[in-house]
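Novice: Next one to model:
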Amino acid sequence: MTRQFAGTPIPAITVSDPAGKRLDLGAQDGPVLLNLWATWCGPCVKEMPQLDTLAAELEGEVRVITISQDVRGGEVVTPFFAKGGYARLEPWLDPEAALSAQFTPEGALPLTVLFDASGKEVLRVAGGYEWDSAAAVALIRESLAAK
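Specialist: This is a model prediction of the structure:
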């Protein structure tokens, strides 16, 4: 976990879901926990149900946005989401891996970045993390309150 990039603005990148619905990351109001993942990444797959639980726990406080870096996009993400049955997560896609290129040029996944209500980075976690733990909820709330 690092705060070395604190203050960096959320990228003004637009992603879409398999149905073509679009999401402008730069236009988010309120805190955002942005998770970059892929179906082929073991730690990413392990985190998805945890992030779904976290999204329920932080509903109304922080929006959890998971964005797949899978080159095959909806072809692999749609069945993955169907199998996982996530109640709070949406299948956002970034098949060109524009976000990975910006955040982690070496392509290391998962990567999770917390942005405050003004769209500035607060902290990032590279690699797997136990997102459904009380410690994760406390970390997020304390990090946002410290602003």
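Novice: For whichever helix in the chain runs longest, which outside residues touch it?
Specialist: When the chain is scanned for its longest helix (criterion: DSSP state H), the result is helix 42-57. Applying Cβ atoms under 8 Å, 6 or more residues apart in numbering, the contact partners of helix 42-57 are 33, 35, 37-39, 63-64, 66, 80, 84, 86-89, 109-110, 112, 127-132, 136-137. For every residue, glycine as well, the C-beta is placed using N, CA and C.
Novice: Just name the shakiest helix or strand of the protein by mean pLDDT.
Specialist: Counting by mean pLDDT, DSSP states H and E, the chain has its least confident helix or strand at helix 98-103, which shows a mean of 90.
Novice: Helix, strand, or coil at the most centrally placed residue in the chain?
Specialist: Geometric centre of the chain, nearest residue: Asn35, 1.8 Å, by Cα atoms, centre = their mean. Assigned with DSSP: H, G, I helix; E, B strand; the rest coil, Asn35 falls in the strand class.
Novice: Distance check, it against Phe5.
Specialist: Distance of Asn35 to Phe5, computed by Cβ to Cβ, to the nearest Å: 16 Å.
Novice: Over to Ala134?
Specialist: Taking Cβ to Cβ, one finds Ala134 at 26 Å from Phe5.
Novice: neighbour-wise, which of the two wins?
Specialist: When Ala134 and Phe5 are compared for neighbours, Phe5 comes out ahead with 13 against 9, by other Cβ atoms under 10 Å.
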